[in-house]
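*Asks:* sequence unavailable; structure follows:
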């Protein structure tokens, strides 16, 4: 098999390490891989094995989709037999490519926002030609409801494996990583209120906010309002 992995900047910002592991894993299974990344990312962030192609990503989705379609000839020359879109914003471009090449497509869903994309693409989800993978069980159930069984949907969790629990020494500082969209809402406020109570008894505890998407200024103000600036670190995008 020869697969083209199609990624965009938003996905790479969050999942670059995943791309590296997937490429190496596929190669280890004797699967040929073409890494298709936005121009400017393909030069220094790909695994050095296999073929690399770039496309001109744009803030306008119709331009990005057109740029992706222009990859049909080089991918045909490579003998690619499967297109895999790693982000929901690439589904339509991937389906265009798959149609031009006459090959199947795999579409990855990583967010509830991908349900709207699935609805818009419903008339192009052809059984036997398209399959969808979802990152979690709830997403899988929601996707099956959204597309009403039009094509196969499979839950494929991210490759994050937890290590064995280890006992903490008394002099170690406990850390909490908070993953989200970088914004501040009632749930974050409740978390900060609870963290403040814990920090009163464990002053060395640290909070790391790994947020993607939103301007973190509101989050910073919430942290400041709770008096937790000395115990919090905001991790910027990428």
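*Replies:* That came in fine, so what should we check first? For clarity, every value in this text was computed on a predicted model and none was experimentally measured.
*Asks:* so which residues of this structure form strands?
*Replies:* 2-6, 32-38, 51-55, 82-85, 105-109, 130-134, 153-155, 175-180, 206-211, 232-235 (DSSP state E).
*Asks:* ok, residue 147 to residue 115 distance?
*Replies:* 9 Å (C-beta to C-beta, to the nearest Å). Yep, even glycine has a C-beta here, placed from its N, CA and C like the rest.
*Asks:* can you get me a residue count around the residue nearest to residue 203 when sequence neighbours are not counted?
*Replies:* Nearest residue to residue 203, sequence neighbours excluded (C-beta to C-beta, 6 or more residues apart in numbering): residue 231, at 7.9 Å. Residue 231 is flanked by 21 other residues according to other C-beta atoms under 10 Å.
*Asks:* which residues touch residue 231?
*Replies:* Each residue near residue 231 by C-beta atoms under 8 Å, 6 or more residues apart in numbering is listed here: 195, 199, 203, 205, 206, 207.
*Asks:* ok, these vs residue 182, which is closest?
*Replies:* Comparing these against residue 182 with C-beta to C-beta places residue 207 closest, at 13.8 Å.
*Asks:* list the contacts for the closest residue to that closest one other than its chain neighbours?
*Replies:* Among residues not flanking residue 207 along the chain, residue 232 sits closest, at 4.6 Å (C-beta to C-beta, 6+ apart). By C-beta under 8 Å, 6+ apart, the residues touching residue 232 are 206, 207, 208, 209, 223.
*Asks:* between those, which has the least confident prediction?
*Replies:* For the contacts of residue 232, the model is least confident at residue 209; its pLDDT is 90.
*Asks:* picking that back up, filter the contacts of residue 232 to the buried ones?
*Replies:* For the contacts of residue 232, a neighbour count by 16 or more other C-beta atoms under 10 Å gives the buried set as 206, 207, 209, 223.
*Asks:* which residues touch the second one?
*Replies:* Residues counted as contacts of residue 207 (C-beta under 8 Å, 6+ apart) are 175, 176, 178, 195, 223, 228, 231, 232, 233.
*Asks:* pLDDT score for the first one?
*Replies:* Which is residue 175. 90.
*Asks:* from residue 17, how far off is residue 52?
*Replies:* For residue 52 relative to residue 17 (C-beta to C-beta), the value is 17 Å.
*Asks:* neighbour count: those two, which is higher?
*Replies:* Neighbours per residue, other C-beta under 10 Å: of residue 52 and residue 17, the larger number sits with residue 52, 17 against 10.
*Asks:* I figured that one hits residue 38, correct?
*Replies:* No - using C-beta atoms under 8 Å, residue 52 is not in contact with residue 38, being 11.6 Å away.
*Asks:* no further queries at this time; thank you.
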